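Peer 1: Return atomic coordinates for the entry below.
(2 chains, ligands or ions: 3)
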Amino acid sequence: MYDEIQEIKAQYPRTRSAVLPALRIAQQRYGWLTPDALREVADALDETPAFCQSVASFYDMFHLAPVGRRLVEVCTNISCALVGAQQVLEAFEQELGIRAGETTDDGQVTLRALECAGGCGWGTVVAVDHRYREPVRPEDVPAIVQEVRDGG
Amino acid sequence: MAASEIVLAGAADRDLTQIDAYREVGGYATLDRARGMGPQAVLDELLTADIKGRGGAGFPMGRKASFIPKPGQNPNPTYLTVNADESEPGTFKDREIMLRVPHRLIEGCLITAHAIGSRNVFIYIRGEYLREFEIIRAALEQAHGAGLMGDVTIVLHRGAGAYICGEETALLESLEGERGQPRTKPPFPAIAGLYASPTLINNVETIATVPAIVEHGGAWYADQGTEGSRGTRVFSLSGNVRRGGNYELELGTTLRDLIYHHGGGLPGSRRIKAIIPGGSSVPVLTADDIDTPLTFEAMADKGTFLGSGAVIVIDDRCCMVQLGLRVAQFYMHESCGKCTPCREGTRWMVQILRKIEDGRAEQAELDLLLDVCDRILGKCLCPLGDAAAMPIASYVDKFRAEFQAHIDAGGCPYKGESSLERVFAPVDQHTHHPTVEVPA
Ligand SMILES: Cc1cc2nc3c(=O)[nH]c(=O)nc-3n(C[C@H](O)[C@H](O)[C@H](O)COP(=O)(O)O)c2cc1C
Ligand code: SF4
Ligand code: FES
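Peer 2: Ligands and ions are numbered 1, 2, ... in the order given. Here you go, the predicted structure:
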C-alpha cells in the first residue's frame, strides 16, 4: 500500500492532493477506515492520522465505522422519489431485514439511502458496490438481494 | 443522428469510446489544427461562439479563459480543471457525455489547454461515477497510445461523495487534499486557483463543446440557439415523464417540446403541477409556464434559472410540502458547515417543513420559514445557501394554499396518497454496525 500511494503522490505537485486516492486504497484494503488504516495513510503521506481522519469524515464514501462487505445504495432524491424510490428502499429493507443505514448482522450487506446518483431519468437508481442498476422497481429487489448474497 | 447534436454527435451510430471510431467521425483532427493556430486565435473562436458555462452559473467561457494570465505574466504554472463532479439533483448529462463521447472531452481538454497555455489538466470526477471513471481512464490510455498528449498531462482525480465539491473553489480545496469547503472570492481561480496558481475551471459539457467550436468556427456555433443562449445543451429530463433521459437540443426549444415531444409527456392521465427547470437549486415553475423557451434569458424573466439544464416534471400527485422537505433535507446534508446561515438555516428549514407536513405547525411558522429563507439568501459564503433557500421560498410562493391547508387541517391534505409519501432522506439514516468483525 505504501508503494502504491507513493506512485499516486507523484502525479501531483503537492503530496496532500493524494489524500483522497490514498484513503480509497486503504478503505478497499481494510473494508473501512480503521485506526490502523488511517495511520498507514498518514505515514505514507507524511501527515497526521488526525488530518487524514478529518478529511475522510467530510466525504460520504469513506466509512469511519465498520460496514458490510457489500454496499447497496438506493437513490431517494426527488426524481427517483417521484417515481417510487421509497417503495424500492422499503423492498430492500424488507428483503434484508434491516433499515436504511444499517448492516445485516452477518456483516454481509449495508443498505443506505443515497442523494442523487446522477441517473434521474432512469429512476429508481440503485448502486451495488457503486455499479449502477437503473431503473429498479420494487419487484426487481428480491433478485438483486439474492445476487448480492450469492456474491454476484 | 438528430440535426441539433453537437456534443453527442455521432454517438448514436458508433461506439465513440473507441479512438478509431472517434477518428472516423473527424475526432482529434481539430486538435491538430488548433495546435497549428496561436492560442489567441483559439480563444477568439471561443469568444465569438459566446458559449456560456454548462455547469450552472452560465458564465461566458471565452471571457473566463481570457482572464487567465498570458505566458510571462505570472510565475506559476497554469492549470485547467474540468468539473466532472455532477451532483445537482436532476442532472445526469455529464455522465452521458463521459460514457459516450469521452474522447470529445479529452480533445476539448487538450484544445483548451493549448488556448490558455496549460500543460496540466485535472479532471475532478464524482466519486460515485465508477464506470465513467473507467471509461475516461481507458480513453486517456488510448489517447496516450496515439501520441496525442503532446506535453500535456491529464490527471483523473476521483471525488469521494460531497455535493459541495462541485462548487469550483470547494473543488480546488478537495483537489488539494483538504475538506471540500469553499473559499472566499476574490481572489478568483483565474488568478489564484489550484495551488494558488492561475486556473480555468469548466464543466464537462462546456469543454466537450470546444472541439466543435474550433472545428466549425465560433460564428457557426453562435448561429445556433438564441442571442442570449447560443448553441445546444444536453438537457436531463426526469420525474413524472414517460421517456426520461438526456436530449441534446438547440437552446430556445420550449419546455413543452422537451417534455411532450421528446419525453412523450406524462404517464397515465396525469397533469403537470410543477416543473423544476434547472436542477433542484432553482425556483419552481408551474404548468402555466409550459411554453417557456429553454434559454438563460427566458428563465430569468420567469424568476428562475436554466442552471444545470435538468428539467424535473412533477405531476398532480405530489405534495409540495413533502417536496420542500426532501429538497431541504438534501441541502442540509450537503451544507459544508463553514458559514452559519447555511449550516443552521438548512436545519431550521427541515424542522419547520417537517412540522408543517406533520400538521404540528402554527400559523406563524409559515412566515418563520420564509424568514429563515430570507436570512440565508445573499448572506452566505458560496451559492449553496441560496440554492437551498430559493427553491423552498418559491414552493411557498407558488403553492401557498397547499402549505396553508396543512396548517388549517392539522395534517397533509394528501392523506398518505402523495407521490412522495414516506420519502426517506440520507440525513435520517439509521445506523447499526455489524456485530461480526469484517475481514480485511
Ligand atoms: C453547490 C454548488 C454545486 C455545483 N456543482 C457543480 C457540478 O457538479 N458541476 C459543475 O460543472 N458545476 C457545478 N457548480 C458550478 C461551479 O461552481 C462552476 O461555476 C462551474 O463548474 C464552472 O464551469 P462552467 O463555467 O463551464 O459552467 C456548482 C456550484 C455550486 C454553488
Ligand atoms: S453556503 Fe453552505 S456550503 Fe457554502 S460555504 Fe457556507 S456553509 Fe458551506
Ligand atoms: S434523483 Fe435519483 S439519480 Fe438523481
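Peer 1: residues contacting residue B:421?
Peer 2: Residue B:421 makes contact with A:86, B:319, B:322, B:414, according to C-beta atoms under 8 Å, 6 or more residues apart in numbering or on different chains. For glycine as for every other residue, the C-beta is placed from the backbone atoms N, C-alpha and C.
Peer 1: ok, which of those also contact ligand 1?
Peer 2: With C-beta under 6 Å from any ligand atom as the criterion, these include none near ligand 1.
Peer 1: out of the residues you listed, which one sits closest to residue A:70?
Peer 2: Distance to residue A:70 across the contacts of residue B:421 (C-beta to C-beta) is lowest for residue A:86, with 22.0 Å.
Peer 1: Look up how far ligand 1 lies from that closest one.
Peer 2: Residue A:86 sits 25 Å away from ligand 1, going by C-beta to the nearest ligand atom, to the nearest Å.
Peer 1: quick revisit: out of the contacts of residue B:421, list just those in helices.
Peer 2: A:86, B:322 (DSSP state H).
Peer 1: Would you mind giving the secondary structure of the most centrally placed residue in chain A?
Peer 2: Nearest to the mean C-alpha position of chain A, by C-alpha atoms, centre = their mean, lies residue A:61 at 4.8 Å. At residue A:61, secondary structure determined by DSSP: H, G, I helix; E, B strand; the rest coil is coil.
Peer 1: my read: it touches residue B:127, true?
Peer 2: Yes. At 5.0 Å, residue A:61 and residue B:127 qualify as touching, with contact defined as C-beta atoms under 8 Å.
Peer 1: where do the contact lists of these two overlap?
Peer 2: B:160, B:161.
Peer 1: Please report phi then psi for residue A:73.
Peer 2: phi -120, psi 130 (degrees, to the nearest 10).
Peer 1: nope, residue B:85 is what I was after
Peer 2: Dihedral angles (degrees, to the nearest 10) for residue B:85: phi -90, psi 10.
Peer 1: Count the neighbours of it for me.
Peer 2: 32 (other C-beta atoms under 10 Å in any protein chain shown).
Peer 1: per-residue confidence at it?
Peer 2: Residue B:85 carries a pLDDT value of 98.
Peer 1: How about it: what's its closest non-neighbour residue?
Peer 2: Nearest non-adjacent residue to residue B:85, counting by C-beta to C-beta, 6 or more residues apart in numbering or on different chains: residue B:166, 4.1 Å away.
Peer 1: Verify the contact between that neighbour and residue B:89 for me.
Peer 2: No. Counting by C-beta under 8 Å, residue B:166 stays clear of residue B:89, with 11.5 Å between them.
Peer 1: what comes into contact with the helix or strand hosting residue B:81?
Peer 2: Element membership of residue B:81 [criterion: DSSP states H and E] is strand B:79-84. Strand B:79-84 is contacted from outside by B:55, B:94, B:98, B:105, B:109, B:112-113, B:116, B:118, B:120-126, B:129, B:132, B:166, B:168, B:171-172, B:175, B:189, B:193-195, B:197-204, B:207, using C-beta under 8 Å, 6+ apart.
Peer 1: Which members of these are positioned in helices?
Peer 2: Reading helices off these with DSSP H, I get B:94, B:98, B:105, B:109, B:112-113, B:116, B:132, B:168, B:171-172, B:175, B:189, B:204, B:207.
Peer 1: Now do whichever residue of the stretch 1-150 of chain B sits closest to ligand 1: how many residues are near it, please.
Peer 2: Residue of the stretch 1-150 of chain B nearest ligand 1, by C-beta to the nearest ligand atom: residue B:53 (2.1 Å). As a burial measure, residue B:53 scores 18 neighbours (other C-beta under 10 Å).
Peer 1: What separation is there between it and residue A:87?
Peer 2: Distance, residue B:53 to residue A:87, by C-beta to C-beta, to the nearest Å: 37 Å.
Peer 1: hang on, the earlier thing: ok, and which of the ones in helices among the contacts of strand B:79-84 reach chain A?
Peer 2: B:94, B:175 (C-beta under 8 Å from any C-beta of the partner chain).
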